[in-house]
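> Here is a sequence together with a model predicted from it:
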Amino acid sequence: MTVDLYLKTQDRIDAIRGALEAHKNDWCQYLQLFSAPFNTLLIVRDWQGRIHFGVPGNKKFDKLSESSRPAMRAARSALEAAAGVLLFDPNGFVYQDELFDAEALWASADKVLWDELEPLPAYWIERQAKEKIWTQSPSPADGANPLRIVYFGIKGGVGRSSALLASAYHLLDQGKKVLVLDADFESPGVSATLLAEELRPDYGLLDWFALDALRPDLAEELISTGRLYERSGLDSMVSGEGTVWVAPSFGRETQDYVGKLGRLYQDVAEQGYVQRFKRLLGSLEAQLTPDVVLIDSRAGIDDTAAVALTQLDAHALLFATHGRATWTAYEHLFKHWLLFAQLKDGGEDFRSRLHMVSALTPVDTTYDQAFIDASYRLFLDHLYEELAPEQMEGEGFNFGAEDPDAPHRPWRIRWDDVLRHFDPIQNLAQLDAAVFDKAFGELKQLLDQLLGAGAPDHE
Amino acid sequence: MNNQEAALLRAELLAVTQNWQSEDKPTQPTDIFFPAAHVRALALDRPLVIGMRGAGKSFWSEVLTSPVLRPAMGRFVKGYDRLRFVGSIRWDVDGGEFSTRLPSRTHLENLQETVKPRELWLALVLNELRPLCKAQGVTVDIPDPSTAGGWTEVLRWAGQNPDALRRALEQINLALAQSGEVALVVFDALDRMHGQLARSVDYLRGLLELLLDARQLKGLRFKVFLREDMTNMPSVLSFPDASKLVNEAVQLKWSREDIYALHWHKLAQGSKRFQTLLSDTFGPPQLQLGNGYWHEVLVQSPPDSGKLTELLKLLAPPYMGSSPTKGHVYTWWYKHLADGKDRVSPRTFAASLKEAFHASQRPNSTSVLIPTGIQNGVRAASDARVEELKEDYFWVGTALAAFNDRSTPISVKEIYGVWSIGVDGTPTPRLISEQCFAKNVFVPWDEGDRLTSNSQKLRDTLVELGILILRDEDSRLDMPDIYRLGYRIRKRGGVSPRR
């Protein structure tokens, strides 16, 4: 069916890889005739989903001797056939010599090497209307960042905000300086419990984005003058060195929230949402020098959530309740990651910073086992590396089902009726150790481990 | 510790491990290390002891039957002071064509209808108790296998005189009970019996029935060491009151703490430096349990996992990499040696320890053990375990051939598909039974069970042995690394590695 041809995009991509594999030698020989950056082949997917191929030289391949050209023409035809209906019409092949500024295309920052085709240097460039989040290489961990933790959920209403709040409290109790960002712009919430209405700062993160589009210098001022964040009321409940700063998505003076939200993901001065968010985060961190940053991320299978998960050098807590819908949604997300994210052998990339969280966990070992099985399957099929017979778990990025240190192993947050409306500032009893530890004990363990505090084992 | 101190200690510990034998047969009292969980296994009123390969069945049967080692047990287990006599029926030690303690393969193969299982066992027991009977003045009519008729005559007689057998046993029992004494008969390595016996659950059941009867005999005690797969077949235990036996059966288990404590104890026997390390960390030893070096941190019951972790941290870094997310060495090590039921046999840990010391030899390392060394240790232990398994379960390799060119976890259906076709057209389970018959080895499942498919029987046996794990509501088969590495099977992963 024609419909299928258009929609089964993964099949087309696989076919393109196959076509390249089949003519690998010809392509390699051809590309060797060019110097950097043109000694590479580009595969570009535009925002409509059409495929373009960026080929160095020209249509006639006249850098090649006459006798070698037919082979390249065959290689090109194979690509054309593989891309099929998705090939940009009328001409899916873009040649270096035909472009006004070929350099810009080939130097594109967000190209990803298809390294399974090595030594053939073929790069994928994803042009997305909203953001090219996935295809950017994650920022290298320079160690200068404070510990960043993103709270991500595929669905709302699973107690993500409560967990973030509990985390803030625990870290505060450990004497840490904590910064909380409410970056769930479509459904802000966490700041409401952390900040009483009268404590809310003048503006919110969304205002920063709006102002940054108009006057970046003033946006910076918003931070330096302290009008974007405020200390949480949690502070007063614990004595010691620690503090909790909250940067909400909107402030007391925020106007036209929905309008600003509509413009949030627009590129501004060539910078996408990712870069801008990073800049915002960097400024806040420079200003407040927190030990830990907790980020409430947008829920759902959404590209913007990817920012937080793969680009921030952050640990990500993936919230889930056991159910087919959850796992299927994560599967879609993980598949997307696999397609476009830059992976490193052994998982020394965002994958090793993922931590599954079992939300609203009932006291039921059958449930726990079913959760582990499903989570294990998800990670095995989509994020773990195949291990050669002689490779042991951990040597490649793959783990045993019951391995307490594996990313798929859930940290359980226990469902407790007392915590239905977790609002410790209003209801102190919720911080009673017996109640709190029962629900959040494992979360505390995870945080301690991320802080590198020689935390006890997760068993 | 600086790198020189680490190197010296490592060299000393490596030398200790190199003296360890793969068959760690105890020869002197200092070889006996006593995990609290094993006290029951040696108690005189617990006739049935079940353990995996390498859990220590032959170790303890050796201790029980050795006149040198047995007296050392009195300190740990009650009732050994009343022990008047110990006999043994150990097919690993005493089997053989010309043995006067046990009938040979030829005899057993010709047994057929001559004697019923229970009478066969009775005859063997009486033969074993012969010296005791003489001393007690109990006359036994049973022929002596060392005389002209040999075992043929003994077994024929036993088949024809079941009542005489029982009467004799009862008499010895009475004589012993009057003086408040006890005689013990130890059974081990039943899977090494020959011919018909090895194949038939009837003989196993006969022995278990005898155990049940013998519960009433105050002066006679039995101790039967059985492999786990031998008691897993429903028909073995299909006789009245079998559940009583099962209920009081003792599993030979090693906890993670026991495993660490045992090996630190063994290391301490041969390394002065390690003894110093123990004293410096936990204070000088306070107790003396006979010869050798004893430190209460290593022999206290229950073991203190905190202290054992602390001790490991003196030898190795705390994590398997740069951060805790790479795994805590203490848990990681055990976990990666564990089978599908989370068990590690001492021999497996010893093998990994030996190689870990060897592979951690880096001149600049300030640590006695390093993560890559420990990983190599696990790999070596896996190979050793697989090799060891071949002795008892040669057929596992045949069964796992189905995983060639596949990876685990894998769907149960897929494996059943491969097993039902087999390598050369013979379904794998049938091939295995045939091979077992040909080699006179115990068939690892109940041939008589017609309600369960052969593939499922094979699967269940492998799961029971800890080689496979059932997941996802029994729809997928997983394999722990300790076997996956040794059997060279790929591990499933959606991401193909780029190398």
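Good, I have the coordinates. Residues are numbered from 1 along each chain as shown, chains lettered A, B, ... in the order given.
> going forward, measure contacts and count neighbours with C-alpha atoms only.
Noted.
> how would you label residue B:185: helix, strand or coil?
strand (DSSP: H, G, I helix; E, B strand; the rest coil).
> count of neighbours near the residue of chain B found nearest chain A?
Residue of chain B nearest chain A, by CA to the nearest CA: residue B:493 (3.8 Å). Neighbour count of residue B:493, defined by other CA atoms under 10 Å in any protein chain shown: 24.
> So which bits of the stretch 251-400 of chain B are right by chain A?
B:323, B:324, B:325, B:326, B:327, B:328, B:331, B:335, B:375, B:379 (CA under 8 Å from any CA of the partner chain).
> Isn't residue B:299 up against residue B:263?
No: here residue B:299 does not reach residue B:263: they are 11.1 Å apart, not a contact under CA atoms under 8 Å.
> Name the residues contacting each of the two.
Common neighbours of residue B:299 and residue B:263, counting by CA atoms under 8 Å, 6 or more residues apart in numbering or on different chains, are absent.
> picking that back up, I'd like the residues of the stretch 251-400 of chain B next to chain A laid out as JSON lines, including pLDDT, secondary structure and neighbour count.
JSON lines is the format used below for these (pLDDT from 0 to 100; DSSP: H, G, I helix; E, B strand; the rest coil; neighbours: other CA atoms under 10 Å in any protein chain shown):
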{"residue": "B:323", "pLDDT": "74", "secondary structure": "coil", "neighbour count": "15"}
{"residue": "B:324", "pLDDT": "72", "secondary structure": "helix", "neighbour count": "21"}
{"residue": "B:325", "pLDDT": "73", "secondary structure": "helix", "neighbour count": "21"}
{"residue": "B:326", "pLDDT": "79", "secondary structure": "helix", "neighbour count": "15"}
{"residue": "B:327", "pLDDT": "85", "secondary structure": "coil", "neighbour count": "22"}
{"residue": "B:328", "pLDDT": "88", "secondary structure": "strand", "neighbour count": "24"}
{"residue": "B:331", "pLDDT": "92", "secondary structure": "helix", "neighbour count": "18"}
{"residue": "B:335", "pLDDT": "93", "secondary structure": "helix", "neighbour count": "21"}
{"residue": "B:375", "pLDDT": "95", "secondary structure": "helix", "neighbour count": "25"}
{"residue": "B:379", "pLDDT": "96", "secondary structure": "helix", "neighbour count": "26"}
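> Could you export the residues you listed to CSV, including columns for distance to residue A:107?
Below are these laid out as CSV (distance: CA to CA, whole Å):
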residue, distance to residue A:107
B:323, 36
B:324, 39
B:325, 36
B:326, 36
B:327, 40
B:328, 43
B:331, 47
B:335, 47
B:375, 42
B:379, 45
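> Relative to residue A:375, which of these is nearest.
In terms of CA to CA, no member of these lies closer to residue A:375 than residue B:325, at 17.7 Å.
> Leaving out the residues flanking it, which one is nearest to that closest one?
Leaving aside its sequence neighbours, residue B:325 sits nearest to residue A:405 (CA to CA, 6 or more residues apart in numbering or on different chains; 5.6 Å).
> Kindly report the same for residue B:472.
residue A:373 (5.6 Å).
> Roughly how far does that neighbour sit from residue B:422?
29 Å (CA to CA, to the nearest Å).
> which regions of the stretch 151-300 of chain B sit below the pLDDT cut-off?
B:194-200, B:289-290 (pLDDT under 70).
> again, only using 80
B:191-201, B:229, B:231-236, B:238, B:287-291 (pLDDT under 80).
> and the residue in the stretch 1-150 of chain A that chain B sits nearest to, how many neighbours does it have?
Taking CA to the nearest CA, chain B has its nearest neighbour within the stretch 1-150 of chain A at residue A:116, 6.4 Å off. As a burial measure, residue A:116 scores 15 neighbours (other CA under 10 Å).
> Look up how far residue A:13 lies from it.
13 Å.
> now do residue B:369
Distance, residue B:369 to residue A:13, by CA to CA: 47 Å.
> and these two? which has more neighbours close in?
More crowded of residue B:369 and residue A:13, by other CA under 10 Å: residue B:369, with 26 against 17.
> Give the next helix or strand downstream of the lowest-mean-pLDDT helix or strand in chain A.
Across the helices and strands of chain A, the lowest-confidence element by mean pLDDT, DSSP states H and E is helix A:303-306, at a mean of 64. The helix or strand immediately downstream of helix A:303-306 is strand A:315-320, counting by DSSP states H and E.
> which helices and strands does that next one pack with?
In terms of contacts (3 or more CA pairs under 8 Å, 6 or more residues apart in numbering or on different chains; DSSP states H and E), strand A:315-320 is packed against strand A:147-153, strand A:354-361.
> So which elements touch the shortest one?
Packing partners of strand A:147-153 (3+ CA pairs under 8 Å, 6+ apart): helix A:160-173, strand A:292-297, strand A:315-320.
> for the record, mean pLDDT for whichever helix or strand comes after the longest one?
Secondary structure here is assigned by DSSP H and E; on that basis, the next helix or strand after helix A:160-173 toward the C-terminus is strand A:177-183. Averaging the model's pLDDT scores along strand A:177-183 yields 95.
> got the residue ranges for the helices in the stretch 151-300 of chain B?
Using DSSP state H, counting those that start in this stretch, the helices of the stretch 151-300 of chain B run over B:162-178, B:195-199, B:201-214, B:228-231, B:242-248, B:256-270, B:272-282, B:296-299.
> Quick one: residues contacting the closest residue to chain B within the stretch 251-400 of chain A.
Of all residues in the stretch 251-400 of chain A, the one sitting closest to chain B is residue A:386 (3.8 Å; CA to the nearest CA). By CA under 8 Å, 6+ apart, the contact list for residue A:386 reads A:396, A:398, B:490, B:491, B:492, B:493, B:494, B:495, B:496, B:497.
> now residue A:300
A:153, A:154, A:155, A:156.
> List buried residues within those.
A:153, A:154, A:155 (16 or more other CA atoms under 10 Å in any protein chain shown).
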